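Chemist: Provide a 3D model corresponding to the input given below.
(one chain, ligands or ions: 1)
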Amino acid sequence: MKLAPHLFGAVVVTTVLVWTVMRTLTEFSQHKELRRPAVLLLWLVTLQLSLGFISWMMRISYASAPQPMFPVVWSTVAHVVNGALVLATCLVLAIQTQRHVAVHPLTVLTPAKVAGA
Ligand code: HEM
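Modeler: Residues are numbered from 1 along each chain as shown. Next comes the predicted model:
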């Protein structure tokens with residue numbers, strides 16, 4: 001796998017996630033149903049970037065090894081497993097947002113309302 005496209009994707013994903021977490025924490029921090037998955041998401045993304053970096057370092061360190069070595073395997077597996085946790089936490093945050101955040105109904109402007117405004 002080429003690392004440059006992966007890093008580009010990582011930057012995009014991290015930007016979107018940090019924006020989502022910041023919006024959730026600034027607007028709905030009093031709701032623990034939204035705050036908890038948002039904070040967890042922030043920790044998991046930080047861990048994801050760290051594990052990705054470690055995995056990459058391990059690959060470089062063991063580049064000449066005749067077979068995949070244990071540190072390469074564990075760091076890559078941890079990175080991928082944590083990626084799945086990031087995805088699951090995003091899903092929880094999306095479901096909780098849909099359940100707890102009211103959507104403003106479209107205001108229907110009738111002629112009477114316009115005249116009275
Ligand atoms: C939000 C950020 C990131 C996400 C969601 C993410 C996700 C993933 C996923 C799903 C895989 C498995 C891909 C596959 O097996 O085809 C993977 C592999 C990998 N990632 Fe990341 N990643 C992120 C950031 C990073 C960063 C910052 C680095 C390095 C500095 C990195 C380095 C790697 C490496 C070395 C692999 C193993 C590639 C291989 O098996 O050939 N990742 N990542």
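
Chemist: looking at the protein, what residue ends up closest to the ligand?
Modeler: Distance from the ligand to each residue of the chain (CB to the nearest ligand atom) is smallest for Gly52, at 2.6 Å. In this view, the C-beta of every residue, glycine as well, is placed from N, C-alpha and C.

Chemist: work out for me the element the residue most central in space within the chain sits within.
Modeler: The residue lying closest to the centre of the chain (CA atoms, centre = their mean) is Leu17, at 4.2 Å. Secondary structure assignment for Leu17, by DSSP states H and E: helix 3-28.

Chemist: who are the packing partners of that helix?
Modeler: For helix 3-28, the packing partners by 3 or more CB pairs under 8 Å, 6 or more residues apart in numbering; DSSP states H and E come out as helix 32-61, helix 70-100.

Chemist: contact partners for the closest residue to Pro68 other than its chain neighbours?
Modeler: Closest residue in space to Pro68, ignoring its immediate chain neighbours: Tyr62 at 7.8 Å, by CB to CB, 6 or more residues apart in numbering. Residues counted as contacts of Tyr62 (CB atoms under 8 Å, 6 or more residues apart in numbering) are 68-69, 71-72.

Chemist: okay, now Leu47: neighbour count?
Modeler: 15 (other CB atoms under 10 Å).

Chemist: ok, now which ones touch the closest residue in space to it that isn't next to it in sequence?
Modeler: Leaving aside its chain neighbours, Leu47 sits nearest to Asn82 (5.5 Å; criterion: CB to CB, 6+ apart). Each residue near Asn82 by CB under 8 Å, 6+ apart is listed here: 44, 47-48, 51.

Chemist: per-residue pLDDT, Lys113?
Modeler: As predicted, Lys113 sits at a pLDDT of 63.

Chemist: lowest-confidence helix or strand of the chain?
Modeler: Least confident helix or strand of the chain, by mean pLDDT, DSSP states H and E, is helix 111-116 with a mean of 68.
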